[in-house]
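In: With the sequence up front, the predicted model follows.
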Amino acid sequence: MKKNIAIIMGGYSSEYEISLKSGNMVYNTLDKNKYNAYRIHIFKDKWVFVNDMKEEFPIDKNDFSVLVNETKITFDCVFNAIHGSPGEDGYMQGYFELLNMPQTSCSMYQAALTFNKRDLLSTLKPYGIKTAQSYYLNFGDTINENAIVAKVGLPCFVKANKAGSSFGISKVYKKEDLKAAIEHSFKEDNEIIIEQFLDGVEVSVGVISYKGETKVLPITEIVSENDFFDYQAKYEGKSQEITPARISDDYAKKVRKEAKKIYEVLGMNGFSRSEFIFKDDEPYLLEMNTVPGLTKESILPQQAAEAGISMQDLFDNAIGEALKE
């Protein structure tokens, strides 16, 4: 009997358009002989099932069901394709845990922790994971440019603490430009992180739960045409994403080990993609994404393909792992 799969997409953040692309990729890729797939749009003003005729049917939030032509549809599993809030920060995970409904991403605590860059890096430091020097600011704090420069140096990155797809991020070269960059980041989040610039090779490492085991995917090297790996570089072709990465066997071994260690230390499951920069021959962690992009252009599917895993197998495995949990 075919399983009913709810593919949740959209979300409340600036990343909703990318999420819709990821969700539609999952919808179009899943084996229709094996699954009944349903596109569920999650927005602040509505949660709706959208059929192929683009008709909308409201979701009953009491049990995450939907009434279609007087037939109640319930779901065996949720495929989470929401980048950003509320799909990547723990809210949807907590909701589905309360409903006892399997879902493909990590659990509530891991999602909340990894979505908060400051908390993630602080948690991992005692385990020997290397990170850039950083300076934290909350909205309303006094901005002391001299203290910031003394801590992280110039150039530096000013980032929204809880945002993805490079929203709310600036590279700052001059002390006088810090204030404008900080204001830009505060448009995305009320917490920001200012980080030391690490000048080195940037790589992205996917780690997934695959057939019951932790699997590190082939490494991708990020070469941006822009000043850094920003939104244009990620989604508008202004970068080269080279898989496998053009790094030494020693570098590859080190970063694979770190990525797997982080995944297992955090008790992760589902998809993850961690970003690192090499400094002094060592990988430094930048961040971790737990609902990475799933379009054809996205890094994780590229890595899976290099490992001989088709997109259909990648998505099918994610559902199988969730149902086993």
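Out: Received the coordinates, thanks.

In: Could you list the low-pLDDT ranges of the stretch 201-325 of the chain?
Out: 226-238, 325 (pLDDT under 70).

In: any idea where the strands of it begin and end?
Out: Assigned by DSSP state E, counting those that start in this stretch, the stretch 201-325 of the chain shows strands spanning 202-210, 213-216, 220-224, 239-242, 271-279, 282-289.

In: Are there helices or strands packed against the fifth one, and which ones?
Out: For strand 271-279, the helices and strands in contact under the criterion 3 or more Cβ pairs under 8 Å, 6 or more residues apart in numbering; DSSP states H and E are strand 202-210, helix 249-265, strand 282-289, helix 299-306. Every residue, glycine included, has its C-beta placed from N, CA and C.

In: rerun at 6 Å
Out: strand 202-210, helix 249-265, strand 282-289 (3 or more Cβ pairs under 6 Å, 6 or more residues apart in numbering; DSSP states H and E).

In: Relative to that strand, what are the paired strands and their orientations?
Out: strand 202-210 (antiparallel), strand 282-289 (antiparallel) (DSSP bridges).

In: Output the ones you listed in TSV; the columns should cover distance to Leu113.
Out: Conversion of the strands paired with strand 271-279 to TSV gives the following (distance: least, Cβ to Cβ, whole Å):
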stretch	distance to Leu113
strand 202-210	16
strand 282-289	9
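
In: Compute the first-to-last residue distance for stretch 112-130.
Out: End-to-end distance for stretch 112-130, by Cα to Cα, to the nearest Å: 21 Å.

In: For that stretch, buried residues please.
Out: By neighbour count with 16 or more other Cβ atoms under 10 Å, stretch 112-130 contains the buried residues 112-117, 120-121, 123-124, 129-130.

In: for stretch 240-255, same thing?
Out: 241, 243, 245, 247, 251-252, 254-255.

In: can you list contacts of that stretch?
Out: 203, 205, 218-221, 223, 276, 283, 299, 302-303, 306 (Cβ atoms under 6 Å, 6 or more residues apart in numbering).

In: distance between the ends of it?
Out: 20 Å.

In: next one: that stretch to chain centre, how far?
Out: 21 Å (Cα atoms, centre = their mean, to the nearest Å).

In: Also stretch 115-129?
Out: 16 Å.

In: same question, stretch 309-325
Out: 17 Å.

In: The helix or strand harbouring Lys171 packs against which elements?
Out: Assigned by DSSP states H and E, Lys171 falls within strand 169-172. Helices and strands touching strand 169-172, by 3+ Cβ pairs under 6 Å, 6+ apart, are strand 156-160, helix 178-186.

In: Each with direction, which strands does that strand pair with?
Out: In the sheet, strand 169-172 lines up with strand 156-160 (antiparallel) (DSSP bridges).

In: what ranges do the strands span in the stretch 1-150 of the chain?
Out: Under DSSP E, counting those that start in this stretch, the stretch 1-150 of the chain gives strands at 3-10, 35-43, 46-50, 56-60, 65-68, 71-73, 77-80, 134-138.

In: Could I get the buried residue list for the shortest one?
Out: This points to strand 71-73. Ile73.

In: before we move on, what about the third one?
Out: If you call a residue buried by 16+ other Cβ under 10 Å, then strand 46-50 has these buried ones: 47-50.

In: do the same with the first one
Out: Neighbour-count burial for strand 3-10, with 16+ other Cβ under 10 Å as criterion, is recorded at 3, 5-10.

In: got CSV for the residues you listed, with distance to Leu154 and pLDDT too?
Out: Below are the buried residues of strand 3-10 laid out as CSV (distance: Cβ to Cβ, whole Å; pLDDT from 0 to 100):
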residue, distance to Leu154, pLDDT
Lys3, 53, 97
Ile5, 49, 98
Ala6, 47, 98
Ile7, 44, 98
Ile8, 41, 98
Met9, 39, 98
Gly10, 38, 98
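
In: For Met311, state which of the residues you listed is nearest.
Out: Closest approach to Met311 among the buried residues of strand 3-10 (Cβ to Cβ): Ile7, at 13.6 Å.

In: got a list of what the residue nearest the centre of the chain touches?
Out: Taking Cα atoms, centre = their mean, the centroid of the chain lies closest to Asn289, which sits 2.8 Å from it. If you count contacts by Cβ under 6 Å, 6+ apart, Asn289 has them with Arg273.

In: so what's it bridging to?
Out: Arg273.

In: Can you report how many residues neighbour the closest residue to Glu321 other than its chain neighbours?
Out: With Cβ to Cβ, 6 or more residues apart in numbering as the criterion, Glu321 has its nearest non-adjacent residue at 4.8 Å, and that residue is Ser209. The local packing of Ser209 (other Cβ atoms under 10 Å) involves 23 other residues.
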